[in-house]
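J.: Have a look at this prediction, sequence included:
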Amino acid sequence: MDDMYQHGVRGWLAAPVPASAAQARAQQIWLGCKRFAANRSALAGLVFLLLLVIVAWLAPLIAPYNPFQQSLAARLMPPSAAHWFGTDELGRDILSRIIYGTRITLYIAVLTAGIVAPVGLIVGTIAGYFGGWIDLVLMRIVDVFLAFPSLILALAFVTALGPGIENAVIALSLAAWPPIARLARAETLTIRKSDYVAAMRMQGASHLRIIWSDVIPMCLPSVVVRVTLNMAIVILTAAGLGFLGLGAQPPSPEWGAMLSTGREFMMNAWWVAAMPGIAILLTSLAVNLAGDGLRDVLDPRHD
């Protein structure tokens, strides 16, 4: 730590030989950040996602109007200085509704990621580590889920559970965890043959300790990258559920539901459907771009 103050933070991070484990870890993070920043498209995607988080957090301060306030006298007004994105069929300001809808989209995406990542990681590592009948049973369950397209599977679950945001999150999670489990299993099959895992077994370490301390940390980077890339699919599927009336219910300003109501006015009021559609497009694109950059940083096998 004294060397860091003597030579400066930048010199400490650029040292050819790290003097401690903390310095080595800091150098790894620093190099990863530099590599990510060098990818302009990934950086643009991350900036857009951070902007969405800020917009969602400050929605009551940023939104120019109440997203639920109706004014039939101002219905279907085109974009103008008073209403930048125009108004919908009930006279509600579309910009305000998109701003508040950011909260719903991020809530669904983050909550789904928080469910599918640990579930898929645990199932995949257990199946890959133990093998045998455990692997056979768990992977056959995964195969059943993967036999159906994710949107169809989500539609089936949300139809059984009923419409609503929470049920949509459950349905999306049930449809999104199998690919994560398959990836974690493939990583574990390689890791369990490593010399350091064999050394842990010879030292008497339990299976739980090996999985928790050695297997899961090695699988985590690939899982994080896959979950990040899958978030674009989750956002599109959530918008599809809202479009079909199975996601967030009116008058919630969910982008898919807004797109559904706007399709009736495509000929004479294009902005009602175009604005939420553009929001869905840009958000999905930003997630894909940021995920590609994250893959370059976390996956050493990807060039």
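T.: Happy to help now that I have it. Residues are numbered from 1 along each chain as shown.
J.: Pick out the residue nearest the middle of the chain.
T.: Nearest to the mean C-alpha position of the chain, by CA atoms, centre = their mean, lies Met231 at 3.3 Å.
J.: For whichever strand or helix holds that one, name the packing helices and strands.
T.: Secondary-structure assignment from DSSP states H and E places Met231 in helix 216-243. The contact analysis (3 or more CB pairs under 8 Å, 6 or more residues apart in numbering; DSSP states H and E) places helix 216-243 against helix 94-130, helix 150-161, helix 165-191, helix 255-262, helix 271-298. Yep, even glycine has a C-beta here, placed from its N, CA and C like the rest.
J.: Would you mind getting the angle between the last one and helix 94-130?
T.: So the one you mean is helix 271-298. Between the axes of helix 271-298 and helix 94-130, defined by axes from the mean of the first three to the mean of the last three CA atoms, to 10 degrees, the angle is 40 degrees.
J.: same check, this time on the shortest one
T.: Orientation note: helix 255-262 sits at an angle of 130 degrees relative to helix 94-130 (the same axes, to 10 degrees).
J.: Could you pull up the mean pLDDT of helix 255-262?
T.: Taken as a whole, helix 255-262 has an average pLDDT of 90.
J.: cool, and the first one?
T.: Per-residue pLDDT values over helix 94-130 give a mean of 93.
J.: ok, then the element right after that helix?
T.: Downstream of helix 94-130, the first helix or strand assigned by DSSP H and E is helix 132-146.
J.: Summarise which helices and strands that following helix is packed against.
T.: For helix 132-146, where contacts count as 3+ CB pairs under 8 Å, 6+ apart, the packed elements are helix 94-130, helix 165-191.
J.: And these: which comes nearest Arg35?
T.: Between Arg35 and the helices and strands packed on helix 132-146, the shortest gap by CB to CB is with helix 165-191, which sits at 21.6 Å.
J.: and the angle from the closest one to helix 150-161?
T.: In terms of direction (the same axes, to 10 degrees), helix 165-191 departs from helix 150-161 by 130 degrees.
J.: Number the residues from 41 up from this point.
T.: Understood, numbering begins at 41; the last thing we discussed is helix 205-231.
J.: Helix 205-231 vs helix 172-186, what angle?
T.: Relative orientation of helix 205-231 with respect to helix 172-186: 140 degrees, computed using the same axes, to 10 degrees.
J.: Pretty sure Pro218 sits against Phe188.
T.: No. Applying CB atoms under 8 Å as the test, Pro218 and Phe188 come out as separate, 9.8 Å apart.
J.: Let me have the helices and strands packed on helix 256-283 in JSON lines, extended by mean neighbour count and distance to Pro118.
T.: As requested, the helices and strands packed on helix 256-283 are exported to JSON lines (neighbours: other CB atoms under 10 Å; distance: least, CB to CB, whole Å):
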{"stretch": "helix 134-170", "mean neighbour count": "22", "distance to Pro118": "11"}
{"stretch": "helix 190-201", "mean neighbour count": "17", "distance to Pro118": "33"}
{"stretch": "helix 205-231", "mean neighbour count": "22", "distance to Pro118": "31"}
{"stretch": "helix 295-302", "mean neighbour count": "23", "distance to Pro118": "13"}
{"stretch": "helix 311-338", "mean neighbour count": "20", "distance to Pro118": "6"}
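J.: closest to Cys259 out of those?
T.: Cys259 sits nearest to helix 205-231 of all the helices and strands packed on helix 256-283, at 4.4 Å, using CB to CB.
J.: Just give me how far the helix or strand following the closest one sits from the chain centre.
T.: Toward the C-terminus, helix 205-231 is succeeded by helix 235-242 as the next helix or strand (DSSP H and E). Taking the mean of its C-alpha atoms, helix 235-242 sits 35 Å from the chain's own mean (CA atoms, centre = their mean, to the nearest Å).
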